[in-house]
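Q: return a 3D structure for these sequence lines:
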Amino acid sequence: MGKFKSFLERKNIVISGKRYGVDALGAMAQGLFASLLIGTIIATIGEQAGVQWLVDIGGFAKSMAGPAMAASIAYALGTPNLVLFSMLAVGAAANKLGGAGGPLAVYVVTLFASEFGKAVSKETKIDILVTPLVTIAVGVGLSYWWAPGIGAAASSLGNIIMWSTNQQPFLMGILVSVIVGMALTLPISSAAICAALSLTGLAGGAALAGCCAQMVGFAVLSFRENRWNGIISQGLGTSMLQMGNIVKNPRIWIAPTLVSAITGPIATCLFHIEMNGPAIASGMGTCGLVGPIGVYTGWMQEVTAGTRAAITGGDWMALLSICIIIPAILTIIIGAVMRKGGWIKEGDLKLD
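A: Residues are numbered from 1 along each chain as shown. Model prediction:
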């Protein structure tokens with residue numbers, strides 16, 4: 001047992017929730033952002049501007065989603081170069097064979113293939129052949145074996161959530177908004193979760209509302225401590241910056257979370273906001289304005305398909321209200337009450 005433990009340590013194989021559930025998921029979201037999401041944005045700009053070469057660039061970027069996710073996860077796991085480079089083939093296989101649930105298939109398969117690759121790396125004199133052979137063989141083999149089932153399960157779960165939201169938009173609007181919003185602030189990836197479940201439609205709109213409530217909420221709640229730097233870093237960056245302060249005083253999380261429970265059903269029941277762009281955008285909130293851009297992308301697809309006549313001023317007002325106006329106003333009100341009651345004290349939200 002001692003020898004095996006020493007072997008794992010020597011190979012940097014760390015079996016832990018943080019390594020697999022935080023580091024890997026966070027890296028997976030970055031890989032998705034750098035391929036599928038940015039490709040979608042570039043292609044949308046090209047389509048609107050009538051610039052074909054931008055559409056082509058976006059298409060190339062989107063086609064690399066699988067390899068980008070796998071390489072990002074492998075990098076987060078600390079794999080040697082040969083393993084890392086071999087993950088491109090593994091990611092392509094898992095994403096394709098996983099179908100609509102491809103991102104989750106890539107995540108699971110890459111974890112196993114990376115650790116197998118690390119285990120054999122530099123163990124033979126023909127490492128240049130053995131390491132990529134084992135990594136790709138394990139990864140592609142598991143892709144054929146597991147990816148279709150994993151993808152189908154993820155797709156089914158996502159479909160259940162979306163169906164439930166359509167049937168019970170008020171209750172599910174609250175649940176999806178609160179859960180995904182909290183996931184965005186926690187050191188895990190709400191974007192990766194939404195992508196893995198292919199969470200779009202009305203449920204995607206609720207997820208967007210929850211993420212925006214957390215980001216905009218913390219940005220305005222902490223304005224007196226962090227001023228405009230805090231507005232930018234949290235409102236356009238991430239509310240995860242507040243995790244250290246949340247650990248010190250969990251009560252500061254109440255206002256943004258309560259607001260997400262309010263804006264979720266407003267998005268689903270009143271404004272009927274749907275995320276029909278890339279699923280990853282459902283879990284991005286106002287980070288780089290990716291969430292609103294995702295909704296706009298879906299609108300344009302609907303206009304092109306003839307299912308939406310046009311994008312109206314009411315559409316824009318609803319989106320702006322859910323993403324910025326309502327979260328900001330409600331958080332300011334709730335935050336003022338909590339400060340007056342002593343639940344939030346001066347400096348509780350200060351970012352280092």
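
Q: make it CA atoms for all contacts and neighbour counts henceforth
A: Fine.

Q: let me see the mean pLDDT of stretch 337-352.
A: Across stretch 337-352, pLDDT averages out at 91.

Q: one more: stretch 322-331?
A: Averaging pLDDT along stretch 322-331 gives 97.

Q: contacting residues around that stretch?
A: 208-209, 212-213, 216-217, 220-221, 255-256, 259-260, 263, 266-267, 285-286, 292, 321 (Cα atoms under 8 Å, 6 or more residues apart in numbering).

Q: make it 6 Å
A: For stretch 322-331, the surrounding residues in contact (Cα atoms under 6 Å, 6 or more residues apart in numbering) are 212-213, 217, 255.

Q: gap between the helix or strand harbouring Asn159 and the chain center?
A: Assigned by DSSP states H and E, Asn159 belongs to helix 127-167. Here helix 127-167 is found 17 Å from its chain centre; the criterion is Cα atoms, centre = their mean, to the nearest Å.

Q: again with stretch 3-18
A: 28 Å.

Q: what does stretch 88-96 give?
A: Distance, stretch centre to chain centre, for stretch 88-96: 19 Å (Cα atoms, centre = their mean).

Q: may I have it exported as CSV, CA atoms only?
A: Only the C-alpha atoms of stretch 88-96 are listed here, as CSV (Å, rounded to 0.1, in the frame of the first residue of the first chain):
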residue,chain,number,x,y,z
LEU,A,88,-6.7,16.4,-28.3
ALA,A,89,-7.7,13.1,-29.9
VAL,A,90,-9.4,11.8,-26.8
GLY,A,91,-11.5,15.0,-26.5
ALA,A,92,-12.5,14.8,-30.1
ALA,A,93,-13.7,11.2,-29.7
ALA,A,94,-15.5,11.7,-26.4
ASN,A,95,-17.3,14.8,-27.5
LYS,A,96,-18.5,13.3,-30.8
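
Q: distance-wise, check Asp127 relative to Ala305.
A: Separation of Asp127 from Ala305 (Cα to Cα, to the nearest Å) stands at 52 Å.

Q: so which of the two has more stuff around it?
A: Between Asp127 and Ala305, counting by other Cα atoms under 10 Å, Asp127 is the more crowded of the two (14 against 10).

Q: leaving out sequence neighbours, find the closest residue to that one.
A: Ser121 (6.5 Å; Cα to Cα, 6 or more residues apart in numbering).

Q: endpoints of stretch 48-68, how far apart?
A: 26 Å.

Q: check which residues of that stretch are buried.
A: Across stretch 48-68, burial judged by 16 or more other Cα atoms under 10 Å covers 54-56, 58-59, 61-62, 64-68.

Q: give me the mean pLDDT for that stretch.
A: Averaging pLDDT along stretch 48-68 gives 92.
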